[in-house]
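Engineer: Build the 3D model from these lines:
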Amino acid sequence: MNRSDGGGKPEVLVIGGGATGAGVVRDLAMRGVAVTLAERGGLSAGATGRSHGVLHSGARYAESDPTGAAECIEENELLRDIAGACVADTGGLFVSLEGDDDDYFERKRDACREVGIDAEEVPVAAARQAVSGLSADVSRAMRVPDGVIYPSRLVAALAADARGHGATIRTHSPVTDIRVSDGAVTGATVDGEHVDADVVVNAAGAWAEGCAALAGVNVPMQPTKGVMVGVDYDGVGPVLNRARSPSDGDIAVPHAGRTVLGTTSVVVDDPDEYERGDEEVQRVIEECAAMVPAFRDAVVLDDYWGVRPLYAPGERRRAAATADEPGTGEARGISREFTLLDHGADGVAGFYSIVGGKLTTHRVMAETVADRVCDRLGVDGDGRTGETPLEAADDPERLDRLVTAFDARSPADADIVGGVALEE
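Structural biologist: Residues are numbered from 1 along each chain as shown. This next block holds a predicted model:
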């Protein structure tokens, strides 16, 4: 990597090629900062590409975290404007079954309206028109502006846009060392190459703890695994959510010729090595079948696992808050707000970690990081990512070529991106 000679701006190294890392690189490059992305594999290989890919309206979190829900709906609307064929405007439904808590349904509906989410209770008959085979036990339904993100396309578009503004994108380039001298980062070893950098951003997701350790910093993570199951069923039009405290098997996401069912949440010690059990797959199918009984007998086309990049102190705070607030569900039901850590406080100036968050809010997470980095570097100018369409956003074929170029293929949108086979 060479320093930019355009304006003499210092160089930034971003570690991690998911939506947040790619978003940080795009934002910084658009502000004229010389920036490089390093990813150990292909882009979107972590939680981004192994998620259920929901473009959240914020309704899932409205009653437990109104601030996070308001952020979700703002980013939801913005992504519809700038991301083109990287997203699909499917709409969403929350449904209650006989025996589910009516108070929960009403709290969610009212909380959505209070933060500006267009939530409308609709007749069950209308819900049946939107979702073929909806259970006879459905007693109430609420329409919300959820959608679907195609993460392979999104990350490829972010990277292409960043590259178009002068960034360097390095895939299959593991970072094996972060160099620190006199209390500040000076660079890193990327794919065996010594690289100078004035700022290093750790956007490694579930691997953030290991990345931070390379600089002698502790970032305690609490990764949780979850399984998504693709079934041969095309009768689901909107994203379908169970209106209950978040639990296993409470969401079904429409795709091209399949529906992705999710998910579980189990703490793991290692984001690379963890058990993948058939019983979790079957539990997700069985729970989702309470909403659409045909899921139970549908052919399973694929299943894939992802690991959420959860920050341990944040999870402990959420667990404590949930214990004091009956009716909000288990801790995972509260919005996964993000945390930006400035490791200058740990004696490593110029080193930052961004942890937590959601795919829907990747852009505002990236903007927050870029603002802090630019403050340190003395770079003027506000971010423009929220008002600038992504490169190739309205050209699906070109997007899919970019996916191939950046090795960004992922199971989350395997049936959407051209030429990608379904696989474990």
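
Engineer: so where do the strands sit in the stretch 1-150 of the chain?
Structural biologist: 11-15, 34-38, 54-55, 87-88, 92-97, 120-122, 138-144, 147-149 (DSSP state E, counting those that start in this stretch).

Engineer: Now the first one: buried residues?
Structural biologist: This means strand 11-15. 11, 12, 13, 14, 15 (16 or more other CB atoms under 10 Å). The C-beta positions use only the backbone N, C-alpha and C, and glycine is treated the same way.

Engineer: so what's the first one closest to, chain neighbours aside?
Structural biologist: If you skip the residues right next to it in sequence, residue 11 has residue 34 as its closest partner in space, 4.6 Å away by CB to CB, 6 or more residues apart in numbering.

Engineer: And the one you found, how close does it get to residue 314?
Structural biologist: According to CB to CB, to the nearest Å, residue 34 stands 32 Å off from residue 314.

Engineer: who's more crowded, the two?
Structural biologist: residue 34 (23 against 20; other CB atoms under 10 Å).

Engineer: Just want to check the distance between that one and residue 25.
Structural biologist: 11 Å.

Engineer: got it, and residue 102?
Structural biologist: According to CB to CB, residue 102 and residue 25 sit 47 Å apart.

Engineer: Kindly report the same for residue 398.
Structural biologist: The value you get for residue 398 to residue 25, if CB to CB is used, is 20 Å.

Engineer: For the two, indicate the residue with more neighbours.
Structural biologist: Remark: of residue 398 and residue 25, residue 25 carries more neighbours, 33 against 17, as counted by other CB under 10 Å.

Engineer: Could you tell me the model confidence score at the more buried one?
Structural biologist: On the pLDDT scale, residue 25 is placed at 98.

Engineer: so what's the spatially most central residue of the chain up against?
Structural biologist: Centroid-nearest residue in the chain: residue 359, 2.1 Å away (criterion: CA atoms, centre = their mean). Residue 359 is in contact with 19, 47, 48, 51, 53, 54, 149, 151, counting by CB atoms under 8 Å, 6 or more residues apart in numbering.

Engineer: Pick out the one among these with the largest number of neighbours.
Structural biologist: residue 19 (31 neighbours).

Engineer: Let me know whether that one touches residue 155 as I believe.
Structural biologist: Yes: between residue 19 and residue 155 there is a contact at 5.6 Å, judged by CB atoms under 8 Å.

Engineer: Please produce a markdown table containing the strands of the stretch 1-150 of the chain, extended by distance to residue 266 and mean pLDDT.
Structural biologist: Below are the strands of the stretch 1-150 of the chain laid out as a markdown table (distance: least, CB to CB, whole Å; pLDDT from 0 to 100):
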| stretch | distance to residue 266 | mean pLDDT |
| --- | --- | --- |
| strand 11-15 | 26 | 97 |
| strand 34-38 | 30 | 97 |
| strand 54-55 | 20 | 98 |
| strand 87-88 | 29 | 97 |
| strand 92-97 | 24 | 98 |
| strand 120-122 | 34 | 98 |
| strand 138-144 | 27 | 98 |
| strand 147-149 | 24 | 98 |
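
Engineer: Make TSV out of the ones you listed and add distance to residue 61.
Structural biologist: Output for the strands of the stretch 1-150 of the chain, formatted as TSV (distance: least, CB to CB, whole Å):
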stretch	distance to residue 61
strand 11-15	27
strand 34-38	29
strand 54-55	12
strand 87-88	19
strand 92-97	12
strand 120-122	18
strand 138-144	12
strand 147-149	16
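
Engineer: Please identify which of those strands is closest to residue 168.
Structural biologist: strand 34-38 (4.2 Å; CB to CB).
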